[in-house]
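*Asks:* model this:
(one chain, ligands or ions: 2)
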Amino acid sequence: MTATRGLENVVATTSSISSIIDDTLTYVGYNIDDLTENASFEEIIYLLWHLRLPKENELSELKKQLADNMAIPDEVIAQIKAMPVQNIHPMAAVRTAVSALGLFDEEADVMEEEANYRKAVRLQAKIATIVTAFARIRKGQEPVAPKSDLSFAANFLYMLNGEMPEDIEVEAMNKALVLHADHELNASTFTARVCVATLSDVYSGVTAAIGALKGPLHGGANEQVMKTLTEIGSVENVESVIRKKLENKEKIMGFGHRVYQQGDPRAKHLREMSKKLTELRGESKWYEMSLKIEEIVTSEKKLPPNVDFYSASVYHSLGIDHDLFTPIFAVSRVSGWLAHILEQYSNNRLIRPRAEYTGPGMQEYVPVEKR
Ligand SMILES: CC(=O)SCCNC(=O)CCNC(=O)[C@H](O)C(C)(C)COP(=O)(O)OP(=O)(O)OC[C@H]1O[C@@H](n2cnc3c(N)ncnc32)[C@H](O)[C@@H]1OP(=O)(O)O
Ligand SMILES: O=C([O-])CC(=O)C(=O)O
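*Replies:* Ligands and ions are numbered 1, 2, ... in the order given. Reported below is the predicted structural model:
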């Protein structure tokens, strides 16, 4: 038995949800470029869960179901309020609150297909409320209830800020949600599938996935990108800081990818949105710095930006706290995790690979007093 480090190029499952072939990303066969320009996030949720685009009435029904399920139990709000909110990362809070949601869902351990779908709707709707409630509570503000006539993207911004977002902000948020929704067998999705393949419940699968997304080599990279941009501070400093990092063999966050060879097709949409929004805010330095970093890293290391790179300046321009960038990723990606969880249940087999043993050979046990 020989181990493949990081399971690189190992095909671990079949899936009909999304594909990355020759650097092209599709959701159920629809090119991500097409979906980003045209689809609402709610349509994407439907697409990922039903493997087809919704008809008008089906889309309205899903929107209604999401709106009807956005409120979270008072006990979960109380739990967030009881957290040491000033000292914890929001991803830890979201991971804990999502796990707690399962405690108040009477169907949490009901494994029937329809019950699992209902839980998917509830989780998708409530995670947006959890993130925004946490963000407000730590600022000493009360959570804002969702408005049932707003889109998912608009509601997220409304619940976060307590005021109606501008159209351009809703457009940016919707695009970001569409772009982050699913990505084949990335680390957090794989985590979710491994978890539920033991026939554990949906809440456990999503909680595990949130834990995997949190790390800086995966979803956590978007916050780190903003840290790099803030540290650099101006376009003039980009050259010296980035070259020094590269000389020191430091990773430049938001670059590189395990699967894409030529580049992540999602990055160009966020690059364009970053340009538009930073100019609108009179803060184009964040875009210009990002562009300069991209020039250097692609020419020096042949590493193109991934989805996390330009999402940082997009979210910053939306006035979002930097440590909420990864939770927003989770608000979108939960749609993909849930699609994969439902797919895993529909054709389940325990996921249990092997390890190539590299420890000592056979040893004889020595009683503790003789060691
Ligand atoms: C949504 C997402 O999860 S997208 C990914 C988000 N993560 C990041 O942006 C973090 C920065 N990027 C990385 O760490 C990596 O590119 C990953 C984790 C995304 C992919 O990693 P892997 O496929 O395992 O590649 P690995 O880390 O082994 O890197 C291969 C080589 O490229 C280099 N490299 C990879 N990414 C970077 C980077 N961002 N900056 C500098 N060098 C890099 C490595 O140092 C290594 O060089 P070496 O062979 O000389 O040692
Ligand atoms: O696929 C991956 O390894 C990481 C990624 O880009 C994502 O999850 O969106």
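*Asks:* List the contacts of the residue nearest to the spatial centre of the chain.
*Replies:* Computing the C-alpha centroid of the chain and ranking residues by CA atoms, centre = their mean puts Phe329 first, at 2.9 Å. Residues near Phe329 by CB atoms under 8 Å, 6 or more residues apart in numbering: 180, 213, 219, 222, 311. All C-beta atoms are positioned from the backbone trio N, CA, C, and that covers glycine.
*Asks:* Using the three-state scheme, assign it.
*Replies:* In three-state terms, and counting by DSSP: H, G, I helix; E, B strand; the rest coil, Phe329 is helix.
*Asks:* Against ligand 2, how distant is it?
*Replies:* According to CB to the nearest ligand atom, to the nearest Å, Phe329 and ligand 2 sit 8 Å apart.
*Asks:* chain center to the longest helix along the chain: distance?
*Replies:* In the chain, taking DSSP state H as the definition, the longest helix is helix 113-137. In terms of CA atoms, centre = their mean, to the nearest Å, the centre of helix 113-137 is set 14 Å apart from its chain centre.
*Asks:* Name the residues of it that are buried.
*Replies:* 115-137 (16 or more other CB atoms under 10 Å).
*Asks:* Got the domain ranges for the protein?
*Replies:* As assigned by automatic domain parsing, the chain contains the domains 15-215+324-346, 221-317.
*Asks:* how long is the longest one end to end?
*Replies:* If I follow you right, that is domain 15-215+324-346. Taking CA to CA, to the nearest Å, domain 15-215+324-346 runs 11 Å from one end to the other.
*Asks:* can you check the shortest one too?
*Replies:* The first and final residues of domain 221-317 sit 17 Å from each other (CA to CA).
*Asks:* and stretch 188-199, what's its mean pLDDT?
*Replies:* Mean pLDDT, stretch 188-199: 98.
*Asks:* List of residues touching it?
*Replies:* Applying CB under 8 Å, 6+ apart, the external contacts of stretch 188-199 come out as 12-13, 111, 182-183, 185, 202, 204-206, 208-213, 218-219, 333, 336-337, 340-341, 344-345, 348-351.
*Asks:* Just these: which are in helices?
*Replies:* When DSSP H is applied, the contacts of stretch 188-199 are split such that 202, 204-206, 208-213, 333, 336-337, 340-341, 344-345 fall in helices.
*Asks:* in the helix or strand harbouring Val241, what counts as buried?
*Replies:* Assigned by DSSP states H and E, Val241 belongs to helix 235-247. Within helix 235-247, the residues that count as buried by 16+ other CB under 10 Å are 235, 238, 241-242, 245.
*Asks:* Any chance of those in a markdown table with pLDDT and distance to Lys55 as columns?
*Replies:* What follows is these, written out as a markdown table (pLDDT from 0 to 100; distance: CB to CB, whole Å):
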| residue | pLDDT | distance to Lys55 |
| --- | --- | --- |
| Val235 | 98 | 48 |
| Val238 | 98 | 49 |
| Val241 | 97 | 51 |
| Ile242 | 98 | 49 |
| Lys245 | 97 | 50 |
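*Asks:* and Met1, what pLDDT?
*Replies:* 86.
*Asks:* With Gly29 instead?
*Replies:* Per-residue confidence (pLDDT) for Gly29: 98.
*Asks:* Find the nearest non-adjacent residue to Lys292, please.
*Replies:* Distance criterion CB to CB, 6 or more residues apart in numbering; nearest residue to Lys292, sequence neighbours excluded, is Val238 at 4.3 Å.
*Asks:* Surely the one you found touches Thr228?
*Replies:* No: if you go by CB atoms under 8 Å, Val238 and Thr228 don't touch, sitting 9.8 Å apart.
*Asks:* that older thread, out of the domains of the chain, which is closest to ligand 1?
*Replies:* When the domains of the chain are compared by CB to the nearest ligand atom, domain 221-317 sits nearest ligand 1, at 2.3 Å.
*Asks:* Would you mind listing what in this structure touches ligand 1?
*Replies:* Selection of the chain residues close to ligand 1 by CB under 6 Å from any ligand atom yields 6, 217-219, 221, 251-258, 301, 303, 306-308.
*Asks:* go with 8 Å
*Replies:* Proximity of the chain to ligand 1 (CB under 8 Å from any ligand atom) is limited to residues 6, 8, 180, 183, 186-187, 216-222, 224-225, 245-246, 249-258, 264, 297, 301, 303, 306-309, 329.
*Asks:* Pull out the buried members of those.
*Replies:* By neighbour count, with 16+ other CB under 10 Å, the residues of the chain next to ligand 1 hold 180, 183, 186-187, 216, 218-222, 224-225, 245, 252-257, 264, 297, 303, 306-309, 329 as buried.
*Asks:* so how far is Glu58 from Gly211?
*Replies:* Separation of Gly211 from Glu58 (CB to CB, to the nearest Å): 33 Å.
*Asks:* Please enumerate the strands of this structure.
*Replies:* 18-21, 24-27, 30-31 (DSSP state E).
*Asks:* which stretch among those comes nearest ligand 2?
*Replies:* strand 18-21 (7.5 Å).
*Asks:* Please list the outside residues in contact with that closest one.
*Replies:* The contact list for strand 18-21 (CB under 8 Å, 6+ apart) reads 25-29, 48, 182-184, 259-260, 336.
*Asks:* Where neighbours are concerned, which of the residues you listed has the most?
*Replies:* Neighbour counts for those peak at Asp182, which has 28 neighbours (criterion: other CB atoms under 10 Å).
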